[in-house]
Every structure is written in structure tokens, then in C-alpha cells.
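> Quick one, structure for this:
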Amino acid sequence: MADNMKGLKRTHYCGEVVEAGKEVVVGGFVDKIRDKGSLIFIVLRDRTGVVQLTFDEETDRDIFEKAASCRSEYVLMAKGNVRERESKNDKLKTGHVEIVVTDLRILAKAQTPPFEITAETKVNEELRLKYRYLDLRREPLQKNIIMRHEIARVTREYFYENGFLEIETPMMMKSTPEGARDYLIPSRVHNGKFYALPQSPQIYKQLLMIAGYDRYIQLARCFRDEDLRADRQPEFTQIDLEMSFVDAEDIQSCVEGFVQRVFKEVVGVDVPTPLPRLTFADAMNRYGSDKPDTRFGFEIQDITETVRNIDFVVLKNAIADGGTVRAINVKNGAETYTRKEIDKLIEHAKGIGAKGLAYIRWADEPNCSFKKFLADGDLERICEAVDAQKGDLILICADKTRTVLSTLGAIRLIAGKRLGVIPEDKYNFLWITEMPFFEYDDETNTWIAAHHPFTMPMDECIDYLDTDPANVRAKAWDLVLNGTELSSGSMRITDFELQQRMFEALGMTDEEIQAKFGFLVDAYRYAAPPHGGMGIGLDRLAMIMCKADSLKDVTAFPKVQNASELMSECPSAVDDESLEVLGIKVVNKE
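Have a look, this model is predicted:
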């Protein structure tokens, strides 16, 4: 039978016991035990760190025997006197002291855990997620979860100080198109109808601006039924904000202040502002991505004119079809990228959609994969165009411009990681501005919205809405950090007639507009101040600040690739009675 706590009240966390000469009471899990016969050491662990409990010949025999019975992960409370240790451990904050125990309580006994609770572990992720409550006892995860809490704390403090009101919006709402599939909740009362979990609080925060709450903030839970990846979970937290009587620069300046504050307070890093900016077009042309990692070079360069007269069918056909020829210079890449390694890059390029890659590998002498098609001086001109020198590797792609940019953008990242030129301790923020309003869907041969339908087009582009969608740019922007999109924002349409035009440009009928957005359209008839806002991914921000590889490392109870949770085994089946109440019948798909 476990002991109780009567007569003991915790006075210190384990990691706070640093001063000798005090009587303290601590509680925690058994981390390690060293039993030397007449001397027992127990390392006790809580979320702040560890401290050593000591039991010796002067310890009461009952307490000594109780200590000898302890095992890994038992929950203990201990009372004792803090003294200096004879053998100090300078790696630990508490490594110069120990607690000579005068009272010990075993509050809970533990089975042998399925894996050892240690900072470093080689246990497979699936097992750790199945026993997530044990995995969360490990120091690295505890540090991440605590840092995430600190980020949330600083977030609230910063926005409160800047006049924002924290307002909760509904978790059960109307299903509206926002770019991903909704998670749906059947209604028992309204048979055959469904609520949706919010992909974002977008519509509600705009309604709050119409209602006169000119600065709104919420750490909002959001849900999207889409494929998972390292930086995407089906449920996530968004630092959601909206502001009235502002323009884009006001919103961006406010967010820059937040970025500066949170990095300084949480990780002690100074972020210089204003943050650099790139237009969407420049980002794509230079980095092949709308979320470029600018911590290293290998920028994309257009060599179409340089190679225009080379009689190589791959290049000639691409140019003739209206495409381009572009290259990246992988500086000092020739030694690392042997022919076998280059072949792997070529296969990767084909997987993205390109027909392949041409290359010039300059080891001792420049070795060109299409050398037999070159005339005198062609090789030198290409090398000069991309500033290549001995030791460099030039990778060339010829195709439709969109394919070329996406391919070289991906290859650039692979090469940067392979050569180890991406500095881990650098934080490169970047605003991406002048986002395209529409994007072309090759499958349907139509232009579709690149943003939610309330995004304001740039003033000079409004006349193109009906005639030239390719040239319509949005008053929208993204905040990028080290190649990860942290946030999207935009100014909103507040003019009722312009909003109607926008819906029509997206191919929506009056009936669809009324069914999906009627309540918002009606609200705008009662006047709205100019407003805009952003949603910053708290999980992604925490992932980068913690230097974690995945959102799973900063989320207490994450989902896996198929959107299930291994620990609780959800989603799960429900009984027929529950389904009958909802008027639902399950049809099993093969």
C-alpha cells in the first residue's frame, strides 16, 4: 500500500534545490538509483530538473529500507537537509548539493516502463507515442513543452500591452470553403445537418471588426482534414489577430514587434527590424519557393539567353515552348556530388515533374553532361553566367518556368543540407509580399482563388479581376522563417460591391454566395472599418525555436501520419445506438 502525503508539503522543485543548509521537501519520479549497500543515492526528477537524495548509516532504518525498495519511475516525496556534495557534478544545476533524507514517502509504485526514460533514446517513435505520457517525462520533450508555454505567455502579454482584446470564437461553426477539408460534427437536434470545426476563425474575426472590437487576439485551435507532414498536424494552434483602421504596414510592424519580443524573452536572440521583404515573384525567381530559406546561397539564375543558341534539343525545346533554362551553382559541391550522387538528384527532379537535370561538375576540369552539343566558348559562358569556379557543381533545368523553379528550389534545399551549409543557429525572417490573387489549376483549366475570398486585391489590379486574372496581385503577405511559412495575412474587402465582384470572379452563383456567406455579406451592408489580420502558427514557431524536427516534438499529444493518435487509439468506432440518434449509417469503404 502506498504512503500518503500527510505532514509533508512540497517546498521546492527538484531543480531549485541549490542552497545548502536548508530543510526542504521535494516530490518527483525516481530517475536513477545507486545502491552501494550501506549507502543509497536516488536521483529524483520533476519538470525543473533533478536532485540527489542520500541515505546513509545515520538514516532511520525504516526509511533506509524504504529507499532500498524503490524502483525506476516510483513517485516519491522526500524531506531532508541540503548539504554540499563531496563529489560534485558541474553539468547539473543541483550537482553541488544533495538532500540527506529524514522522511520518505512512496506515493505510487510503477511497473517497469516499456522503455527507459532518458534524454537520448533510440526507441522507435511508434512505441513512444503509444506510451506518450511516459515519453513526456523525458527532459527534451519537457523543455519543449515548457518553451511552448513561454511563447504563449509572451504572446498574450505582448498583445495585451498593445491594446488587443482576447475574444473566443465558436469551435462549432458553419462549414465554409477555406482551402482544406472540414472536420464535420453531426447535429442530433438538426437531423441531417452538420457543424464544422474551424479551419480558422477567419469569418468571426472579421465580424468582430464590424462589431467595433478593433483589436482582436486569440490563441485559436484550428482543424484541417489534410495530409500530415513534419510541420503539419490536423489540429493546431494559431495566434490569430485582426486590426481595424490600419494598413498592411501597420499590421506587419505590430507582428515584427511581437517577433522581436518573443525571441528576446524566450531564447535570448535579438531579431533586427524591420524584417527584410521579397515580392512573391522575386522569391520564386531567386529561390524557387514562396517560403525560401535565405540562410544560404545557391540562388537560381536565369541562363536562357546564355544557352539560347546551343544545339541541345532539351534546351531548344524548352525555350521554343515558352519555358526557360535556369541553374543553381552549388558552391564547392563537385567533391561531394559524384556521378552517383548527381544521379540521385536527377531522379528527385523527375519525381517533382521535371524531365531531368543537366550538369557541369568542375572538379579538376569542367565535366559537362551535354558537352558534345557545345560550341567553342559555350562552356565558359555558362560558367561565367553563374559565377562558377573550380570545385563547383552547376545544376541546370529546362522546362516550363513553373516546373523549373519548383524543381531547382527543391534541389537547392537538398544540396544545402547535404553540404551542411545551412547554419542551425541563424534565424532568417522574411516577408513575402504582393502574392498572386489567383492560381491556375491545370486539371480544371480554370483560375482559382489563392486565398480566402475576402482578401483585398491591390488597388491597381482591381480592373483585371474579370479580364486578366494572372496579373491580379493581392494585399496579402506571408511571414517566413528559415524556409517555414509561419503566418499568412491580408487586408480584407470591406466594400459590399467589390466583395460581390470577387465572388463572381471565383465562379460562385448568387445562391452559393447566400448559402455559404450570406450572414457575412449581410453584415457588410451595415458598414465596416478598413481591417486586416494574420494567423501565426504557434506550433511551427515553437518547433523552430525549440530546434525540433517535427511538430510532434512540441505538441503534447500529437497525431501520426494517418491522423490517428496511437495512445488513445482514436479515431474509434461508436455504437449503433449513438449513430441512430444522429440519423447516421456507416457505409464501409474498401
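> mind listing what the lowest-mean-pLDDT helix or strand in the chain pairs with, with the direction of each?
Using mean pLDDT, DSSP states H and E, the weakest-scoring helix or strand in the chain turns out to be strand 446-449, at a mean of 74. Sheet partners assigned to strand 446-449 using DSSP bridges are listed as strand 438-441 (antiparallel).
> List of residues touching the partner strand?
Contacts to strand 438-441, defined as CB atoms under 8 Å, 6 or more residues apart in numbering, come from residues 446, 447, 448, 449, 450, 469, 470, 472. In this view, the C-beta of every residue, glycine as well, is placed from N, C-alpha and C.
> Go through the least confident helix or strand of the chain and flag the buried ones.
Counting neighbours by 16 or more other CB atoms under 10 Å, one finds that the buried residues in strand 446-449 are 447, 449.
> And stretch 361-378, by the same measure?
Taking 16+ other CB under 10 Å as the neighbour-count basis, stretch 361-378 is seen to contain the buried residues 361, 362, 366, 368, 369, 370, 373, 374, 378.
> rewinding a little: pick the one among the contacts of strand 438-441 closest to residue 229.
For residue 229, the closest of the contacts of strand 438-441 turns out to be residue 450, at 20.2 Å, with distances computed as CB to CB.
> what's the neighbour count on the closest one?
Burial of residue 450, expressed as a neighbour count using other CB atoms under 10 Å, amounts to 18.
> right, and it touches residue 437 too?
Yes - taking CB atoms under 8 Å as the definition, residue 450 is a contact partner of residue 437 at 6.2 Å.
> what is in contact with those two at once?
When contacts are counted by CB under 8 Å, 6+ apart, residue 450 and residue 437 have residue 474 as shared neighbours.
> Are we agreed that residue 104 is in a strand?
Yes - when classified by DSSP: H, G, I helix; E, B strand; the rest coil, residue 104 is found to be part of a strand.
> quick one: it from residue 82, how far?
When distances are taken as CB to CB, to the nearest Å, residue 104 and residue 82 turn out to be 15 Å apart.
> For these two, indicate the residue with more neighbours.
Neighbour count, other CB under 10 Å: between residue 104 and residue 82, residue 104 has more, with 24 against 21.
> Might you report the residue contacts of the more buried one?
Shown here is residue 104, whose contacts under the criterion CB under 8 Å, 6+ apart are 53, 55, 63, 66, 67, 76, 77, 78, 79.
> Which members of these are positioned in strands?
Counting by DSSP state E, the part of these found in strands is 53, 55, 76, 77, 78, 79.
> Please produce JSON lines containing the residues you listed, extended by distance to residue 568, neighbour count and pLDDT.
Shown next, in JSON lines, are these (distance: CB to CB, whole Å; neighbours: other CB atoms under 10 Å; pLDDT from 0 to 100):
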{"residue": "53", "distance to residue 568": "34", "neighbour count": "24", "pLDDT": "97"}
{"residue": "55", "distance to residue 568": "39", "neighbour count": "26", "pLDDT": "97"}
{"residue": "76", "distance to residue 568": "28", "neighbour count": "22", "pLDDT": "97"}
{"residue": "77", "distance to residue 568": "30", "neighbour count": "20", "pLDDT": "97"}
{"residue": "78", "distance to residue 568": "33", "neighbour count": "27", "pLDDT": "97"}
{"residue": "79", "distance to residue 568": "37", "neighbour count": "20", "pLDDT": "97"}
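> wait, which of those residues is closest to residue 169?
Proximity of those to residue 169, judged by CB to CB, is greatest for residue 77, which lies at 42.6 Å.
> what pairs with the closest one across the strands?
Per DSSP bridges, the residues bridged to residue 77 are residue 27, residue 105.
> low-scoring stretches of the protein, by residue?
Applying pLDDT under 70 to the chain flags the ranges 1, 177-179, 590.
> need the longest helix for it.
With DSSP state H applied, the helix covering the greatest number of residues in the chain is identified as helix 139-161.
> What helices and strands are in contact with the helix or strand following that helix?
Later in the chain than helix 139-161, the nearest helix or strand by DSSP states H and E is strand 165-166. Applying 3 or more CB pairs under 8 Å, 6 or more residues apart in numbering; DSSP states H and E, one finds that strand 165-166 contacts helix 139-161, strand 215-223.
> and the next helix or strand after strand 165-166, which strands flank it?
The helix or strand immediately downstream of strand 165-166 is strand 184-186, counting by DSSP H and E. Within its sheet, and counting by DSSP bridges, strand 184-186 is paired with strand 194-196 (antiparallel).
> List the buried residues for the longest helix of the chain?
Residues of helix 139-161 classed as buried under the neighbour-count rule (16+ other CB under 10 Å) are 139, 141-142, 144-145, 147-148, 151-152, 154-155, 158-159.
> Taking strand 215-223 as reference, get the angle to that helix.
Here helix 139-161 runs at 150 degrees with respect to strand 215-223, directions being taken by axes from the mean of the first three to the mean of the last three CA atoms, to 10 degrees.
> now for helix 139-161, which elements pack on it?
Under the contact definition 3+ CB pairs under 8 Å, 6+ apart, helix 139-161 sits against strand 165-166, strand 215-223, helix 248-267, helix 538-545.
> what about residue 272, distance to residue 61?
As defined by CB to CB, residue 272 lies at a distance of 64 Å from residue 61.
> just residue 293 next, same as before
Using CB to CB, residue 293 is found at 63 Å from residue 61.
> of the two, who's got more company?
Neighbours around residue 293 and residue 61, counted as other CB under 10 Å, are more numerous at residue 293. The numbers are 22 against 8.
> what sits against the nearest residue to the more buried one once chain neighbours are set aside?
Nearest residue to residue 293, sequence neighbours excluded (CB to CB, 6 or more residues apart in numbering): residue 483, at 3.1 Å. For residue 483, the contacting residues are 289, 291, 292, 293, 295, 413, taking CB under 8 Å, 6+ apart as the criterion.
> And for the last one, the neighbour number?
Same thing as residue 413. The burial metric for residue 413, expressed as a neighbour count using other CB under 10 Å, is 19.
> quick one: it and residue 295 touch, right?
No - contact between residue 413 and residue 295 fails when scored by CB under 8 Å: they sit 10.8 Å apart.
> What's opposite the closest residue to residue 213 other than its chain neighbours in the beta bridge?
Spatial nearest neighbour of residue 213, excluding adjacent residues (CB to CB, 6+ apart): residue 165 at 5.7 Å. Listed by DSSP bridges, the beta-bridge partners for residue 165 are residue 216.
> so what's the closest residue in space to residue 159 that isn't next to it in sequence up against?
Take residue 159 and drop its neighbours on the chain: the residue closest to it by CB to CB, 6+ apart is residue 217, 4.3 Å away. With contacts defined as CB under 8 Å, 6+ apart, the neighbours of residue 217 are 156, 159, 160, 164, 165, 166, 167, 239, 240, 241.
> In JSON lines, list those along with distance to residue 28.
Listed next are the contacts of residue 217 as JSON lines, based on distance: CB to CB, whole Å:
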{"residue": "156", "distance to residue 28": "29"}
{"residue": "159", "distance to residue 28": "35"}
{"residue": "160", "distance to residue 28": "34"}
{"residue": "164", "distance to residue 28": "38"}
{"residue": "165", "distance to residue 28": "39"}
{"residue": "166", "distance to residue 28": "34"}
{"residue": "167", "distance to residue 28": "39"}
{"residue": "239", "distance to residue 28": "33"}
{"residue": "240", "distance to residue 28": "37"}
{"residue": "241", "distance to residue 28": "39"}
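> Residue 584 and residue 185 touch, don't they?
No - counting by CB under 8 Å, residue 185 is not a contact partner of residue 584; they are 11.3 Å apart.
> if we can go back for a sec, which among the buried residues of helix 139-161 gets closest to residue 345?
Using CB to CB, those come closest to residue 345 at residue 144, 33.4 Å.
> Alright, that wraps it up for me.
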